[in-house]
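S.K.: Next come a sequence and a model predicted from it.
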Amino acid sequence: GFTAQVISAQDYYPFGMILPGRSANPDGYRFGYNKGSEKDDEIFGTTGSAYHTYFRELDTRINRWWAIDPKTGATPWESPYSSMGNNPIWYNDPLGDIWGKPGDKKDNKDKKQAEQLKASFVVKRDEYKTKMENYQKELEIDPENITIQNQLNESRIGMLDMENAIKDIEAIDIDKNYYTFKPQTSMGNAITYMTAELNDEGTFTVNINYHQFNDGNKAHETSHAADIANGLFYPIFAPNKVETDQFSGVSERSAYVRQYFYDKSSLPIRITSYKEILKSDFLEQLNNYLRKDAY
């Protein structure tokens with residue numbers, strides 16, 4: 001019969017330190033604890049006492065990171081140095097930024113929508129890149145043309161914003177929390193918002209409500225969701241809604257800039273340049289229009 005050869009084996013303390021006398025050739029395998037993090041034995045000179053991840057180092061003797069959590073906003077209730085939510089049997093954190101369930105899968109329908117939105121951002125980015133190249137050629141012929149200079153600058157900003165939009169989808173995808181897309185058919189030009197629900201395991205679900213036939217509005221609300229995924233905001237769960245004013249100021253303007261560059265015709269009011277969104281009275285004018293339109 002076949003006899004298996006054990007190359008490496010080890011038993012762990014709860015937070016990853018190897019039990020003395022309970023291992024076989026632990027140096028023969030660089031990975032293992034925390035879903036494949038790499039051991040770094042040179043720090044303490046003891047096998048398995050420290051692990052290296054993409055963002056920071058883990059001290060398995062005390063279950064503490066050496067640096068603060070790069071996404072502290074996602075878990076404001078715990079120490080930025082604690083690891084795996086203080087529950088390494090149930091959770092892990094292979095990158096060192098956000099902990100979650102091993103093998104946890106997002107809803108396939110929502111993941112597909114996110115991938116489709118990301119693909120559309122890639123198309124928009126490439127379109128702005130092509131426009132930039134064309135405007136640059138025109139400026140070679142007429143370098144003093146202010147209109148072309150402005151068009152070149154706006155195309156450059158549009159390309160960069162679509163690049164950020166692609167990164168935002170990636171941030172949502174790797175976040176331990178859940179994001180669902182909720183198309184709304186009866187909103188008209190009403191103000192859209194997001195709802196948030198706490199889950200039993202300490203995570204939360206963000207419902208991205210958007211106008212069903214307005215992909216620009218979908219890009220807008222996804223920008224807000226990415227602010228949560230990136231730790232810039234934390235949902236308000238009473239009265240079970242992310243309050244509208246939580247996304248005022250910079251975040252709201254950024255979301256409207258995203259919507260403008262995705263599809264300027266999707267905006268509730270007509271503007272001709274993203275710079276209009278940056279004006280101090282833009283949000284006030286927009287809110288006045290939306291309130292008037294709601295009655």
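M.R.: Now that the structure is in, tell me what you want to look at.

S.K.: Tell me if I'm right that E78 and G85 touch.
M.R.: Yes. Using Cβ atoms under 8 Å, E78 makes contact with G85 at a distance of 6.9 Å. Glycine gets a C-beta too; all of them are placed from N, C-alpha and C.

S.K.: Of those two, give the one with the bigger neighbour count.
M.R.: G85 (20 against 14; other Cβ atoms under 10 Å).

S.K.: correct me, but that one touches W99?
M.R.: Yes. Using Cβ under 8 Å, G85 is in contact with W99, at 5.0 Å.

S.K.: burial measure for S280, as a count.
M.R.: With other Cβ under 10 Å as criterion, S280 counts 6.

S.K.: Doesn't it lie inside a helix?
M.R.: No. Looking at S280 with DSSP: H, G, I helix; E, B strand; the rest coil, it is coil, so not inside a helix.

S.K.: how close does it get to G249?
M.R.: Between S280 and G249 the distance is 11 Å, computed by Cβ to Cβ, to the nearest Å.

S.K.: picking up where we left off before, now list whatever residues contact both of G85 and W99.
M.R.: 75, 91 (Cβ atoms under 8 Å, 6 or more residues apart in numbering).

S.K.: Run through the helices of the stretch 151-295 of the chain in chain order.
M.R.: 215-229, 250-263, 282-293 (DSSP state H, counting those that start in this stretch).

S.K.: Show me what the longest one packs onto, helices and strands only.
M.R.: For helix 215-229, the elements it packs on are helix 108-141, helix 146-174, strand 178-184, strand 194-198, strand 204-211, helix 250-263, judged by 3 or more Cβ pairs under 8 Å, 6 or more residues apart in numbering; DSSP states H and E.

S.K.: Quick check: mean pLDDT of stretch 64-72?
M.R.: Mean per-residue pLDDT for stretch 64-72: 82.

S.K.: Quick one: end-to-end distance for it.
M.R.: Stretch 64-72 has an end-to-end distance of 14 Å (Cα to Cα, to the nearest Å).

S.K.: So what touches it?
M.R.: In contact with stretch 64-72 (Cβ under 8 Å, 6+ apart) are residues 55-59, 75, 80-83, 96-98, 230-231.

S.K.: Kindly report the same for stretch 30-49.
M.R.: 10, 12, 16-18, 23, 26-27, 50-53, 57-61, 84, 88, 92-94, 96, 102.

S.K.: Show me which of the residues you listed are buried.
M.R.: Buried subset of the contacts of stretch 30-49 (neighbour count, 16 or more other Cβ atoms under 10 Å): 10, 12, 16-18, 23, 26, 50-51, 53, 57-60, 84, 88, 92-94, 96.

S.K.: just to revisit the earlier point, take the helices and strands packed on helix 215-229 and lay them out in a markdown table including mean neighbour count, distance to H220 and mean pLDDT.
M.R.: Putting those into a markdown table (neighbours: other Cβ atoms under 10 Å; distance: least, Cβ to Cβ, whole Å; pLDDT from 0 to 100) gives the following:
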| stretch | mean neighbour count | distance to H220 | mean pLDDT |
| --- | --- | --- | --- |
| helix 108-141 | 15 | 11 | 92 |
| helix 146-174 | 17 | 11 | 94 |
| strand 178-184 | 18 | 13 | 86 |
| strand 194-198 | 17 | 11 | 76 |
| strand 204-211 | 20 | 8 | 85 |
| helix 250-263 | 21 | 4 | 92 |
